[in-house]
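Asker: sequence unknown, structure follows:
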């Protein structure tokens, strides 16, 4: 997420190299929050107080400092220091000797080249069991037909900005929110009949889905809409993102959840892969050499019209500082009365307009590519957190323009017989800023063909190769790729999920 | 547009078989309106007073009644009566003997099976000359480098609903609005250098596009955005749609422009084809048998989230009658407190929510497919007009939810060597309701291969075949297709534009 939040917001987070304020037990949501009646999970890799390396795992939660890495990396204090070294930028992966990640998933990460104190990416990989919710009386729901709970597989990449707190919190809790949302659906998802449109609260009350009950003569209601099981899972993931974001908003008051994060999440449930993306990370499937995009990026450029529409409909969100119109460059006071190119929220093309006084305000959306910004501040438009983010030298909040909702794409794993070389690749923008989809597909082919199909380490080797390929090697005062272009100086994190590999997921 | 506006709005237009109120010279916009300093154009096909057939062409504008057909059909009063006959549903095309349409364009249309008094589709096909605008002093603009004006080719299909006034007006005036928007661009579009970002008003004032003039340290402004010639044409078309809609809003007060219309417009200019669509008409290119979609439909289903977001942000637009939430069927009062599936504006999936009192309101968006409606009333969400449209038995206006902006797709005609069988097909929903893209492509192949490549009549024959194939033949108390399914009872209009045919457009 390097460079995606302008230095303009530096006053919001701790300055320079000092560690940001320590979040006060942000893993303990308040009573109103849905998920965490959950039992405490294993602590993450021991946090390092910058430069000390002495941390007591048993006290991990209490002494959580500014920096932690995913538990599955099983980093020792010394390993954590090496992972935090901007000079060496050693690539980190789970140890060969430890417990494999579910599905033999490959993972690798590397810290940035010095642009932020710590690695602000976070990751999570879990198998999550969902027990059906019981009614308030404690009796199993009457819809229950003796089914067991559900398991889902979960992978998450969280690319933090303006501090690591939001990414760290999301990596610990988002899958619990998803579990909570799925609890109501345990029976319904395992019942092949269409989901009931209405759930009675009183046992024995029939579902009133009979169309003959419909009110009035409205022809558009002559039939009820069919809702699929798949769309219930999508809805559960969408609402989990929102609840995660709301939890951050509540806890920021007490605990200072600093910053925000992009979230790219994969859920495997009942034969289908759900890829949920809010931000500028990316997921692609490489299948038999073919590239299947599984996400798109949400930036001021791709979401320009949504942002402008909001500014147009709610001008109070722009204060007196911004205009919802877009201009190809800053309008100068001396140009008042001249005609300049502009785009309104309904336009994809450009036209000339006469410059008026209001047009001298700063545009809500400006810049191009990696330099595009909302309110001159942030370069991603979806994600979690950022509740404290304000326009530089102003009290104007930016959060109303950011969306916490992911776009969810679904891939049916049963519709195709996958071979061990078919993979789903997730990467933060550190990977994609310097690597095309085609280059990733070529690396998939090159690395996997060098390993036996049943060698579990091949996916980790692939993740490492992708991270290394994006990082480059130190040369000519910078990290450089073989073609001598600059490698990514950002944090880089990559999951490689085998779709037909040695993982047993049937 | 049959069935796309519920009978609920019948009170807005003239009832039963009586002609709607006569528009008072709607072709003469008021002084504030941009385009029509234009010379009056040739009158359209003589209007028929229903059942009379006696109309004086010379008085066409003054005596415009409820019904006219495109001028290029060159219909006699008797021909107009036949075109208006719901029982025979004779397919209409320009006469073989008359002047060919530009580019040897094929056209055919047929009236509906009785659902509205007259054919509410309208069409226009023109070659339009654009003269560069002169400065207020009458001197040529200083940017002018001796270039000539520009010509563009223009095709428009307008599918009216709740009356024919808006479609008729758009078919007469929209291309003039486009011409007006292009007047400022005549020199710029013919100059190969990038368009100036700012146009000075005082002769001799340089364009201040030099980035060194930029204010402030904002890194997102470190470079100016490059704007293409193509995006200027897109912007001109978008603004022309808006100005057309505003003109309808103004004139409705004096002249009762009844109803609204979908608009599908094609502009050919300087080697590129611009397809602008607002509504549920459709355009596809069939090229060497391959189908290239050139538009998408805008309906309550495809625009659900835009509509819901607007209702969420501006709840006053929903009155006390509607909720912005979507439910899969009407919520019953007795279900208060139960949990029902819903979708909010940010969701593509579904989830359960506890029914509260507000959820008993009618949903802003309901129904599926052709039965989907906004505010239980209208089945298309973009187009022109509809300024008088109200919710049934209510004063709540629907127009705020409708967008007059088209989506514009661009096809570069110079990037591919087209053969005479490559065509762009435009059709109103009467065609597409019963015909797939593939069936259209098959008909293109079948009909064109039966004609010599240089036979100009082949494109008209193709348009006729497409209209006939969608209309079917009278059998078993209805219009039926060969497979015995019902044909379209709607108005059907089709343009076939040859991309590499005998038309000379180089």
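Answerer: Now that the structure is in, tell me what you want to look at. This one's a predicted model, so the numbers in the text were calculated from it and none came from an experiment.

Asker: need phi/psi at the nearest residue to residue A:168 once chain neighbours are set aside.
Answerer: What sits nearest to residue A:168 in space, not counting adjacent residues and going by CB to CB, 6 or more residues apart in numbering or on different chains, is residue A:122, at 5.4 Å. Glycine gets a C-beta too; all of them are placed from N, C-alpha and C. Torsion angles at residue A:122 (phi, psi; degrees, to the nearest 10) stand at phi -140, psi 160.

Asker: residues in contact with residue A:122?
Answerer: Contact analysis of residue A:122 by CB atoms under 8 Å, 6 or more residues apart in numbering or on different chains lists A:69-70, A:157-158, A:160, A:164, A:167-168, A:170-171, A:261.

Asker: which of the residues you listed ranks first by neighbour count?
Answerer: When neighbours are counted by other CB atoms under 10 Å in any protein chain shown, residue A:261 leads the contacts of residue A:122 with 34 neighbours.

Asker: my read is it is in a strand, agree?
Answerer: Yes - per DSSP: H, G, I helix; E, B strand; the rest coil, residue A:261 lies within a strand segment.

Asker: that one contacts residue A:160, correct?
Answerer: Yes - contact status for residue A:261 versus residue A:160: in contact at 4.4 Å, counting by CB atoms under 8 Å.

Asker: overlap in contacts, those two.
Answerer: Joint contacts of residue A:261 and residue A:160 (CB under 8 Å, 6+ apart) are A:1, A:120, A:122, A:166-167.

Asker: could you export those as CSV, including secondary structure and pLDDT?
Answerer: Formatted as CSV, the shared contacts of residue A:261 and residue A:160 follow (DSSP: H, G, I helix; E, B strand; the rest coil; pLDDT from 0 to 100):
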residue, secondary structure, pLDDT
A:1, coil, 48
A:120, coil, 95
A:122, strand, 97
A:166, helix, 95
A:167, helix, 96
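
Asker: and stretch A:281-299, how far apart are its ends?
Answerer: Terminal residues of stretch A:281-299 lie 11 Å apart, using CA to CA, to the nearest Å.

Asker: same thing with stretch A:327-343?
Answerer: Termini of stretch A:327-343 sit 7 Å apart (CA to CA).

Asker: cool, stretch A:470-482 as well?
Answerer: 10 Å.

Asker: what's the average pLDDT for it?
Answerer: What stretch A:470-482 shows for mean pLDDT is 92.

Asker: stretch A:356-374 too?
Answerer: For stretch A:356-374, mean pLDDT rounds to 92.

Asker: and for stretch A:329-347?
Answerer: 94.

Asker: got it, and stretch A:170-179?
Answerer: Mean predicted lDDT for stretch A:170-179 stands at 98.

Asker: okay, now the unreliable bits of chain A?
Answerer: A:1-66, A:134-147, A:202-222, A:253-256, A:501-506 (pLDDT under 70).

Asker: and the gap between the spatially most central residue of it and chain B?
Answerer: Central residue of chain A (CA atoms, centre = their mean): residue A:263, 0.6 Å from the mean position. Applying CB to the nearest CB, to the nearest Å, the value for residue A:263 to chain B is 15 Å.

Asker: tell me if whichever strand or helix holds residue A:311 is near chain B.
Answerer: In the assignment (DSSP states H and E), residue A:311 maps to helix A:304-313. Yes - judged by CB under 8 Å from any CB of the partner chain, helix A:304-313 and chain B are in contact via A:309-310, A:313.

Asker: show me which positions of that helix end up buried.
Answerer: A:304-312 (16 or more other CB atoms under 10 Å in any protein chain shown).

Asker: how about the strands in the stretch 51-200 of chain A?
Answerer: Assigned by DSSP state E, counting those that start in this stretch, the stretch 51-200 of chain A shows strands spanning A:106-110, A:121-130, A:150-161, A:198-199.

Asker: and these, which is most packed in?
Answerer: strand A:106-110 (a mean of 27; mean count of other CB atoms under 10 Å in any protein chain shown).

Asker: contacts for it next, please.
Answerer: By CB under 8 Å, 6+ apart, strand A:106-110 touches A:69-70, A:72-73, A:83, A:89-94, A:101, A:119, A:121, A:123, A:125, A:430, A:458-464, A:466-467, A:471, A:491-498.

Asker: separate out the buried members of these.
Answerer: A:69-70, A:72-73, A:83, A:89, A:91-94, A:101, A:119, A:121, A:123, A:125, A:430, A:458-464, A:466-467, A:471, A:491-498.

Asker: so residue A:159 makes contact with residue A:119?
Answerer: No - contact criterion CB under 8 Å: residue A:159 and residue A:119 do not qualify, at 10.2 Å.

Asker: tell me the one of the contacts of residue A:122 nearest residue A:424?
Answerer: Nearest to residue A:424 among these: residue A:157, at 11.9 Å, using CB to CB.

Asker: how about the spatially closest residue to that closest one that is not a sequence neighbour, what does it touch?
Answerer: Distance criterion CB to CB, 6+ apart; nearest residue to residue A:157, sequence neighbours excluded, is residue A:264 at 4.6 Å. For residue A:264, the contact set (CB under 8 Å, 6+ apart) comprises A:156-159, A:275-279, A:281-283, A:295, A:426, A:428.

Asker: picking that back up, which other residues reach the helix holding residue A:311?
Answerer: A:300, A:317-318, A:322-326, A:343-346, A:348, A:364-365, A:374, A:381, A:400-401, A:403, B:309-310, B:313-314.

Asker: cool, stretch A:232-239 as well?
Answerer: So stretch A:232-239 is contacted by A:178, A:181-182, A:185, A:188-189, A:195, A:265, A:267, A:269, A:272, A:274, A:276, A:405-406, A:408, A:410, B:343, B:346-351 (CB under 8 Å, 6+ apart).

Asker: out of these, list just those in strands.
Answerer: A:265, A:267, A:269, A:272, A:274, A:276, A:408, A:410, B:351 (DSSP state E).

Asker: ends of stretch A:476-486, what's the gap?
Answerer: 10 Å.

Asker: please compute how far that stretch lies from its chain's middle.
Answerer: Distance, stretch centre to chain centre, for stretch A:476-486: 29 Å (CA atoms, centre = their mean, to the nearest Å).
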